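1. The following comprises the amino acid sequence and a computationally predicted model.
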Protein chains: 2
Amino acid sequence: MDFTAPTADQVLAIRINAGIDELAGHARFAAATPDMVEAIVDGIGQFAAGEFAPLNRKGDVEGARLADGEVALPDGFAEAYRAYVEQGWNAISGDAQFGGQGLPFALAANVLENLGAANMAFSLLPMLTVGAIEALAHHGSDNQKATYLARLISGEWSGTMNLTEPQAGSDVGALRTTATPRGDGTWLIKGTKIFITWGEHQLAGNIVHLVLARTPGAPAGSRGISLFVVPKYLVNPDGTHGARNDLRCVSLEHKLGIMASPTCVMSFGDNDACIGELVGHENEGLKAMFTMMNSARINVGSQGVQIAERALQQASGYARERVQSARAGSPDKAPVAIVEHPDVRRMLLRMRALTEGARALLYYTAGQVDRGALGIAGAQQRADCLVPLIKAWGTDVGCEVASIGVQIHGGMGFIEETGAAQHYRDSRIAPIYEGTNGIQAADLVTRKLGYEGGKVLKALLADRARDAAAYPDLAALAQDCAAIADWMTTSASLDDRLAGSVAFCTMCAVAVAGAQLARQAKALAGDDTPQARAKAVVARYFAEVIATEARGLKAAAMAGAGLLYELDSENLAG
Amino acid sequence: MDFTAPTADQVLAIRINAGIDELAGHARFAAATPDMVEAIVDGIGQFAAGEFAPLNRKGDVEGARLADGEVALPDGFAEAYRAYVEQGWNAISGDAQFGGQGLPFALAANVLENLGAANMAFSLLPMLTVGAIEALAHHGSDNQKATYLARLISGEWSGTMNLTEPQAGSDVGALRTTATPRGDGTWLIKGTKIFITWGEHQLAGNIVHLVLARTPGAPAGSRGISLFVVPKYLVNPDGTHGARNDLRCVSLEHKLGIMASPTCVMSFGDNDACIGELVGHENEGLKAMFTMMNSARINVGSQGVQIAERALQQASGYARERVQSARAGSPDKAPVAIVEHPDVRRMLLRMRALTEGARALLYYTAGQVDRGALGIAGAQQRADCLVPLIKAWGTDVGCEVASIGVQIHGGMGFIEETGAAQHYRDSRIAPIYEGTNGIQAADLVTRKLGYEGGKVLKALLADRARDAAAYPDLAALAQDCAAIADWMTTSASLDDRLAGSVAFCTMCAVAVAGAQLARQAKALAGDDTPQARAKAVVARYFAEVIATEARGLKAAAMAGAGLLYELDSENLAG
């Protein structure tokens, strides 16, 4: 099934939800004119559809393979990545000082949205590079910036994030990889990291690993973690490649999905000769990680939108072509395309409402990140509150929509050649990595809800209730959320908040996403275009069905932790 | 991860929800004494855990393979199947006249529940045989019964159902396979069938294919379909094997899951020499199919329970072993097993509540089938109403619980070696086959709801509201369902009913399942056992959280079809 970029809906979301025109009113983002926005969205959409999408199934079937320490990708990946770099798509939001275009994050998010909808596994390569760029841009020395940034921003080199170890997953503070001073200002790195996405490959000239490790005498736990830059090839002072560093990919994981993304076990310092440089200050590695966390989590939330879009296109194409059974109650017994059957239409409309709602939330969040970068009052805190919403709910949407996509195909959905099953498999990683959705919800109720005693989140919800005024169910949902926030900030215990966190996070996300759809529908009201007509229907369906369902989570959000601890852990589950 | 049969909960459900003691009060089922029930549930649980479960991952990795027209299964499958037949497990509910034990369907359902939880793909082999037995028992001639039934009931031979063709899936009336009289009372069968589960293999001595086909001059559509028995090996009058029939497996599908279940494309009559016998009357094939449909759909609904149980055991084992992070808010910073964290506990309790709720619904439904077979007034109609509920919601539960199981494992859940991903993949077929869940919901709102003008379903709901009296949310849900049923039977159009059918079906299933859990909790009230304590918690959680969520579907159930048809099909989905 071909992929066509959803350009019109993306432009709408960038305009209405990210508020790109307002951003372009600031000198820093003055280049983000309407023409530029359309050129980017249109251009990356065509690029993704033309270059990345045709490799999606091939990547799934052939996967990444490890042989003699080197990772091979299927034919075509290297050429497509080279074209991506040459056309400058990686540099959209990079610092102009290092060759970037300095455009808003909202537009960089659109690049990733299109790449990932075309080929989720492949898009992880540029997505991970973003993290390395941010770490070095915010915390690197001038020399480190000069060495790495230009080539990471161009995409000539790629980046990775090395956090996880077998005993240190959600609890990154438990990591054991060590860094020992070599006496010349550099460090010897030693340890094993797992789940390193695109940790080894031949598509980029160098791979810049950002590695968390402990220095001698560092405090226990997360306060004793430092960040190091550890390149695959050492870089000479003149910028040329030096020696191969002492690090290697020792194995690839066999995964449920994203087969073309090599998920590596990385071994650093097998020969006690792995050289790294400290980034920022010793023991401040976790702080540096937090810098990258917002954009990384938003980009993972975007993966939910991506896979949902791809699954929707696949299913709607099939539903229009597959002829089966007559319309119920029709005197004409001729079979019709299944898109004509009420329940298939319901599934498609649900897929679309979830997809466009998540997209609206994505760009609203991205726009707040850009406002935060501009120093606009309150924007950064608002972005911080939105991040767990788009990461958790966005990725849940990806899984649900991919599953409905399988269902619409009937028996063919279970056959791998059809393609729907790949989306179902690929989608399932996104609720897990970059902080599980449970961790996102915990972040919402323990950190973000605490901003100014809950006022930040409640102001966000009040704004959404206003946006949603034309949709009573949606406005009521926003009010439910505010009431839960009140309960959580006043009488609920920490355990109570955590017990209700996932339900609350979903409710908030649906409330905000629905309100953003309402803003889109309002902006198009009066237009007599297919887009305007469709958006009115989508916004209504979202408010009347999706928001109402979310209201059904209120009891779960406020159930408290008592019942969860009535049974001891041995008797809890059978 | 090992599998342990959930014997205690199964015995409880068979006792309380199927009402086995009451069944045993009837002469036909007098053998179903409490001792016999415990012996069966205990015995098949141990057999499944010991013989089928160890082959589950192996079957997933190696899969069924086709070579030279023959299907090979991984080592161990043949031996396990032989042991299953030798120990007599296949014959639990078969007619005593043909070597069966004549026990209630509720006990045969328990055999399949245990086999499928141990190894879902493998359990499809005996599950499909049930359909062939029922078709021949109800519609076969005396000669056909004598030829086939004893060896199908023992499991020495296996059976298949051949309905689907590429253009005839949900719409079975569109099939094109032909049957032409040979003049000697037998028929020449010619055509291609797809998605034939266990259509070819070497585990049984013969494969008895039940094939739907059209005879010359048959009416178009579903009124012109006849049922034929088409054995792999023709059977001589003395019961010995005759010649190989002209039918073969031409390919196996590459599927998302249930890899050890060969899903065959079957070609009948390539050499114009495929011989079949008519079962029942010409053009009454669909009626014969309906005979088998109830038990087949219940058995698929059971697959949801099966995979949920297996996923729950896998996840709870991991959650008790995996140590990560300190308890939030605890002064002690020592990391704990993740089962101690509130959101992990919530996920486990949700998995358990869904699993046990679906099991309670399964055995309640099975018990109504048994009452129907006894001719007890109203039971058959009640069973008919319950079938779409257990099939659709049961299989949705399987998928949801398997997905939560992946989530509890974090990154390890996405790695195939862990095993959680297999359950996620395997589970996804069950909402599709044996009538998609959309078809089930349509059956509920177009046929079953119409029984006595809605009175049958409403009486069922009223009984459940009474059972649920101790749980206000559950009782309220049953009342919501009754109100929707009223609307559907009075003012809603056919399209309106279909548009709300899936939401309504889910609501009814949750209402009935929750009420069955309430009955279990009531039966155990006062016992000071781990089972009684756990059931009280599970029933409360189900009522307070799952039932409340289901109430959030009311708007979707009553939304009507208007919005679905506001956009034309070209503009419906992007």
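-> Noted; the coordinates are in hand.

2. Enumerate every residue touching A:Pro231.
-> A:148, A:206-209, A:245 (CB atoms under 8 Å, 6 or more residues apart in numbering or on different chains). C-betas here are computed from N, CA, C, even on glycine.

3. of all the residues you listed, which comes closest to chain B?
-> Proximity of the contacts of A:Pro231 to chain B (CB to the nearest CB) peaks at A:His209, which lies at 18.3 Å.

4. burial count for the closest residue to A:Gln46 other than its chain neighbours?
-> Leaving out its chain neighbours, the residue that sits closest to A:Gln46 by CB to CB, 6 or more residues apart in numbering or on different chains is A:Ala5, at 6.9 Å. For A:Ala5, the neighbour count with other CB atoms under 10 Å in any protein chain shown is 25.

5. Would you agree A:Gly453 is in contact with A:Asp486?
-> No - with contact defined as CB atoms under 8 Å, A:Gly453 does not reach A:Asp486; the gap is 10.8 Å.

6. Three-state assignment for the closest residue to chain B within the stretch 201-350 of chain A, please.
-> Ranking the residues of the stretch 201-350 of chain A by distance to chain B (CB to the nearest CB) places A:Ser316 first, at 3.4 Å. For A:Ser316, the assignment made with DSSP: H, G, I helix; E, B strand; the rest coil gives helix.

7. Local confidence estimate at it?
-> pLDDT recorded at A:Ser316 is 96.

8. Pull the contacting residues for the nearest residue to it once chain neighbours are set aside.
-> Leaving out its chain neighbours, the residue that sits closest to A:Ser316 by CB to CB, 6+ apart is B:Ala573, at 3.4 Å. Counting by CB under 8 Å, 6+ apart, B:Ala573 makes contact with A:312-313, A:315-316, A:319, A:348-349, A:351-352.

9. and B:Ala573, how far is that from B:Arg65?
-> Separation of B:Ala573 from B:Arg65 (CB to CB, to the nearest Å): 38 Å.

10. wait, does stretch A:193-206 contact chain B?
-> Yes - using CB under 8 Å from any CB of the partner chain, stretch A:193-206 comes into contact with chain B via A:194-195.

11. Show me which residues of that stretch are buried.
-> The neighbour-count check on stretch A:193-206 (16 or more other CB atoms under 10 Å in any protein chain shown) flags A:193-201, A:203-204, A:206 as buried.

12. And those residues, which is closest to B:Ala543?
-> Of all the buried residues of stretch A:193-206, A:Phe195 has the smallest distance to B:Ala543: 38.9 Å, by CB to CB.

13. Next, give phi and psi for the closest one.
-> A:Phe195 adopts backbone torsions of phi 60, psi 40, taken as degrees, to the nearest 10.

14. contacting residues around the closest residue to it other than its chain neighbours?
-> Leaving aside its chain neighbours, A:Phe195 sits nearest to A:Thr164 (4.7 Å; criterion: CB to CB, 6+ apart). Residues near A:Thr164 by CB under 8 Å, 6+ apart: A:172, A:193-196, B:411.

15. Return the item of those having minimum pLDDT.
-> By pLDDT, A:Val172 ranks lowest within those, coming in at 89.

16. Could you say which helix or strand holds A:Val406?
-> Secondary structure assigned from DSSP states H and E places A:Val406 in helix A:379-408.

17. Please put the alpha-carbon coordinates of the following helix or strand past that helix into PDB.
-> Next helix or strand after helix A:379-408 toward the C-terminus (DSSP H and E): helix A:420-427. The C-alpha coordinates for helix A:420-427 follow below in PDB (Å, rounded to 0.1, in the frame of the first residue of the first chain):
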ATOM      1  CA  ALA A 420      -1.500  -4.000   8.300                       C
ATOM      2  CA  ALA A 421       0.100  -6.500  10.700                       C
ATOM      3  CA  GLN A 422       3.400  -4.700  10.400                       C
ATOM      4  CA  HIS A 423       1.900  -1.400  11.700                       C
ATOM      5  CA  TYR A 424       0.400  -3.400  14.600                       C
ATOM      6  CA  ARG A 425       3.800  -4.800  15.500                       C
ATOM      7  CA  ASP A 426       5.700  -1.600  14.900                       C
ATOM      8  CA  SER A 427       3.300   0.500  16.900                       C
END
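
18. by contact count, what packs against helix A:420-427?
-> Here helix A:420-427 touches helix A:56-62, helix A:285-321, helix A:379-408, going by 3 or more CB pairs under 8 Å, 6 or more residues apart in numbering or on different chains; DSSP states H and E.

19. ranking those helices by mean pLDDT, which is last?
-> The bottom spot among the helices and strands packed on helix A:420-427, by mean pLDDT, belongs to helix A:285-321, with a mean of 95.

20. For the stretch 1-150 of chain A, what lies in contact range of chain B?
-> Residues of the stretch 1-150 of chain A lying close to chain B (CB under 8 Å from any CB) are A:6, A:9.

21. Give me the number of neighbouring residues for A:Ala78.
-> Quick note: A:Ala78 (other CB under 10 Å) scores 15 neighbours.

22. The residue of the stretch 51-200 of chain A found nearest chain B: what's it in contact with?
-> Ranking the residues of the stretch 51-200 of chain A by distance to chain B (CB to the nearest CB) places A:Asp171 first, at 4.1 Å. Residues near A:Asp171 by CB under 8 Å, 6+ apart: B:324-325, B:335.

23. Same list (these) but as JSON lines, adding neighbour count.
-> Converted to JSON lines, the contacts of A:Asp171 look like this (neighbours: other CB atoms under 10 Å in any protein chain shown):
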{"residue": "B:Gln324", "neighbour count": "19"}
{"residue": "B:Ser325", "neighbour count": "20"}
{"residue": "B:Pro335", "neighbour count": "19"}
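
24. which ones among the residues you listed are found in strands?
-> Among the contacts of A:Asp171, DSSP state E puts none in strands.

25. and which of the residues you listed is nearest to chain A?
-> Among those, and counting by CB to the nearest CB, the member closest to chain A is B:Ser325, at 4.1 Å.

26. How much space separates the nearest residue to that closest one once chain neighbours are set aside from B:Lys333?
-> Nearest non-adjacent residue to B:Ser325, counting by CB to CB, 6+ apart: A:Asp171, 4.1 Å away. Counting by CB to CB, the separation of A:Asp171 from B:Lys333 is 11 Å.

27. And A:Arg214, by the same measure?
-> A:Arg214 is 17 Å from B:Lys333, by CB to CB.

28. so what's A:Val456 up against?
-> Residues in contact with A:Val456 (CB under 8 Å, 6+ apart) are A:378, A:381-382, A:385, A:448.

29. roughly how far apart are it and chain B?
-> 21 Å (CB to the nearest CB, to the nearest Å).

30. does that residue count as helix, strand or coil?
-> Following three-state DSSP, A:Val456 is assigned to helix.

31. pLDDT below threshold where in the stretch 401-550 of chain A?
-> By pLDDT under 70, the stretch 401-550 of chain A contains no weakly predicted segment.

32. what are the ranges of the helices in it?
-> Taking DSSP state H, counting those that start in this stretch to define them, one finds helices in the stretch 401-550 of chain A at A:420-427, A:437-446, A:455-467, A:472-490, A:494-499, A:501-524, A:530-541, A:547-551.

33. Quick check: residues of the stretch 251-400 of chain A near chain B?
-> Counting by CB under 8 Å from any CB, the stretch 251-400 of chain A sits next to chain B at A:253-257, A:309, A:312-313, A:315-316, A:319-320, A:323-325, A:328-329, A:333, A:335, A:337, A:339-349, A:351-352, A:399.

34. filter those to the buried ones?
-> A:253, A:255-257, A:309, A:312-313, A:315-316, A:319-320, A:324-325, A:335, A:339-349, A:351-352, A:399.

35. Just those: which are in helices?
-> Using DSSP state H, the subset of those located in helices is A:309, A:312-313, A:315-316, A:319-320, A:342-349, A:351-352, A:399.

36. residues in contact with the residue lying farthest from the centre of chain A?
-> In chain A, the residue that sits farthest from the middle, by CA atoms, centre = their mean, is A:Pro331; the gap is 48.3 Å. If a contact means CB under 8 Å, 6+ apart, then A:Pro331 has no contacts.
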